[in-house]
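*Asks:* Fold the following.
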Amino acid sequence: MKTMFRAALTGLVLAGAAGFAAQAFPIKAGQGSYSDPGITDDTIKIGLFAPLSGAALAYGEDPLNAARMWYDMINGMGGIWGRKVELVIEDDRCNANDLVAAVKKLVEQDKVFMLNGGSCSAAAVAAQEYVTRAKIPYMMLNASGDGALYPPTDYIFGAASISQRAAGGTTVDFASRHLKGKKIGYINHDDAYGAWNLETAQFTAKESGATLSVESINPNITDVTAPMLKIRAANPDVLILTTYARPATLIVKKAHELGMKMPIVLAVTGTANLKQLVENVGTKDAFKNFYVQDVINDTPTGPKQKWVIDMYKKRYPEMAAKPDHPTPYMPYGIPSAQTVTNALLLAGPNPTREGVARIMRSLTFESGVMAGLISYGETDRAGQESSIFLKFDGDKQDLQPGTYVSRWVYKP
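*Replies:* All right, here's what the predicted structure looks like:
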């Protein structure tokens, strides 16, 4: 495991700290007082939160567990600069009010040094004003969180779960380049979440010489007949779905009923449980030409993901024994926690919140988990902006060639 940890710190070479990384962990932090709360000579306190109850449990519980097992591993190796990571865990219930309340509690009552959490974009974005005013580094757990990443701030960062802007761009890139689509049907949500991915979908389609036929639907839609008839009339070469799982089920079922044979590409937002998707659609025949987006570096059971799965099974044997566990979102928690520990390592033996946030704003590293680098820059706080795609026939997933990277760049 120590070898794997060193491998996960490969990115520190990209940050210009290879020699430093090799020496830092055995060194004891200096004695004395610290300007920021949440840090002592022996501990550093981090607020970790996700939806741990309610309908969004599947999006948050396993990513939080993955982050926690990474921190546990760091502590087992002696901590960072001799400090053990002390976690304070909260349930944000995928609700904006609850998440903001949890963040305020963690900062004001628990006095954490920094924040790592949030699996639901709208809830995570709601904390933006408070976090920037408090000037506390905030690493999202697995929310896409575009509304808090663009325009960029000094304190809020995304890591693993691809931003919606990158999700929209990479699905269109895959549809046009790999599936040779020139006319692309595109179904998104009629909210801010949908607007984020549509922006880059349109940008990428224009770059690729493709046209989009767009239908924006309510996330709570119960009858998709009307938008699907419009999509069928447009006669697209490929259909892209950037919806949540429930609308995706209705769309895939309706496409099969209408005899629509074009390839369907489902974005990562709708892939929480593919087995359940097949059961809800009711027939594997609907998946004869079906692709799913993912943001990890392999199929969920592929060799590149083995070390993550093995760590999860060892740390959470009872969870791992449950049906459908680990969930597809589990690995996302690893690079989120890696970003935190890498930044703390580079900040030196006496870190400050401001110093850690400054390091995070220019950090680049290879996680060993995700499809692309975790990378930040002057106008980029999104972290991971790459995708892979898997062909899914209702039973198995086959990795398709290539990694697709968003070419859209935020311009102030």
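
*Asks:* Pull up the pairing partners for the one helix or strand Glu215 maps to, direction included.
*Replies:* Applying DSSP states H and E as the criterion places Glu215 in strand 211-217. Strand pairing for strand 211-217, using DSSP bridges, gives strand 183-189 (parallel).

*Asks:* who touches the partner strand?
*Replies:* In this structure, residues lying in contact with strand 183-189 by CB atoms under 8 Å, 6 or more residues apart in numbering are 168, 172, 175-176, 194-195, 197-198, 201, 205, 210-219, 227, 231, 234-244, 247, 251, 262. Yep, even glycine has a C-beta here, placed from its N, CA and C like the rest.

*Asks:* and these, which of them are in strands?
*Replies:* Among the contacts of strand 183-189, the members falling in strands (DSSP state E) are Thr211, Leu212, Ser213, Val214, Glu215, Ser216, Ile217, Val238, Leu239, Ile240, Leu241.

*Asks:* what's near enough to touch the residue sitting nearest the centre point of the chain?
*Replies:* Most central in the chain under CA atoms, centre = their mean is Ser161, positioned 1.1 Å from the mean C-alpha point. Neighbouring residues of Ser161 by CB under 8 Å, 6+ apart: Ser119, Met140, Leu141, Asn142, Ala143, Ser144, Val268, Val295, Tyr329, Tyr332, Gln384.

*Asks:* do the same with Gly181
*Replies:* Per CB under 8 Å, 6+ apart, neighbours of Gly181: Ala175, Ala210, Pro236, Asp237, Val238, Pro263.

*Asks:* Need the three-state assignment for the residue nearest to the centre of the chain.
*Replies:* Recorded secondary structure, Ser161: coil (DSSP: H, G, I helix; E, B strand; the rest coil).

*Asks:* Just the buried residues of the ones in strands among the contacts of strand 183-189.
*Replies:* Using 16 or more other CB atoms under 10 Å as the burial test, the ones in strands among the contacts of strand 183-189 include Thr211, Leu212, Ser213, Val214, Glu215, Ile217, Val238, Leu239, Ile240, Leu241 as buried.

*Asks:* Pull the most distant pair out of the residues you listed.
*Replies:* Distance extremes for these: the farthest pair is Thr211 and Ile217 at 19.7 Å, using CB to CB.

*Asks:* any idea where the strands of the stretch 251-400 of the chain begin and end?
*Replies:* For the stretch 251-400 of the chain, the strands defined by DSSP state E, counting those that start in this stretch occupy 264-266, 290-294, 364-365, 374-377, 380-383, 386-392, 397-399.

*Asks:* Rebuild those as TSV, extending it with mean neighbour count and mean pLDDT.
*Replies:* Output for the strands of the stretch 251-400 of the chain, formatted as TSV (neighbours: other CB atoms under 10 Å; pLDDT from 0 to 100):
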stretch	mean neighbour count	mean pLDDT
strand 264-266	26	98
strand 290-294	23	97
strand 364-365	20	96
strand 374-377	20	95
strand 380-383	25	94
strand 386-392	22	98
strand 397-399	15	96
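
*Asks:* between these, which one is nearest to Tyr410?
*Replies:* strand 380-383 (6.6 Å).

*Asks:* Next SSE downstream of the helix or strand bottoming out on mean pLDDT in the chain?
*Replies:* Ranked by mean pLDDT, DSSP states H and E, the helix or strand of the chain with the weakest confidence is helix 18-24, at a mean of 35. Following helix 18-24 in sequence order, the next helix or strand is strand 43-50 (DSSP H and E).

*Asks:* and the closest residue to Lys391 other than its chain neighbours, what is it in contact with?
*Replies:* Residue nearest to Lys391 in three dimensions, not counting chain neighbours: Asp398, with 4.6 Å by CB to CB, 6 or more residues apart in numbering. Shown in contact with Asp398 (CB under 8 Å, 6+ apart): Thr299, Leu390, Lys391, Phe392.

*Asks:* need the strands of the stretch 251-400 of the chain in CSV with distance to Met69, can you?
*Replies:* Output for those, formatted as CSV (distance: least, CB to CB, whole Å):
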stretch, distance to Met69
strand 264-266, 28
strand 290-294, 21
strand 364-365, 19
strand 374-377, 18
strand 380-383, 20
strand 386-392, 23
strand 397-399, 24
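
*Asks:* just to revisit the earlier point, hmm, which two among the contacts of Gly181 are most spread apart?
*Replies:* Ala210 and Pro263 (13.6 Å).

*Asks:* Now do the shared contacts for those two.
*Replies:* Shared contacts of Ala210 and Pro263, counting by CB under 8 Å, 6+ apart, come down to Ala175, Gly181.

*Asks:* Tell me where the stretch 1-150 of the chain is predicted with low confidence.
*Replies:* 1-32 (pLDDT under 70).

*Asks:* now the helices for it?
*Replies:* 2-8, 11-14, 18-24, 57-76, 96-104, 121-126, 128-134, 146-149 (DSSP state H, counting those that start in this stretch).
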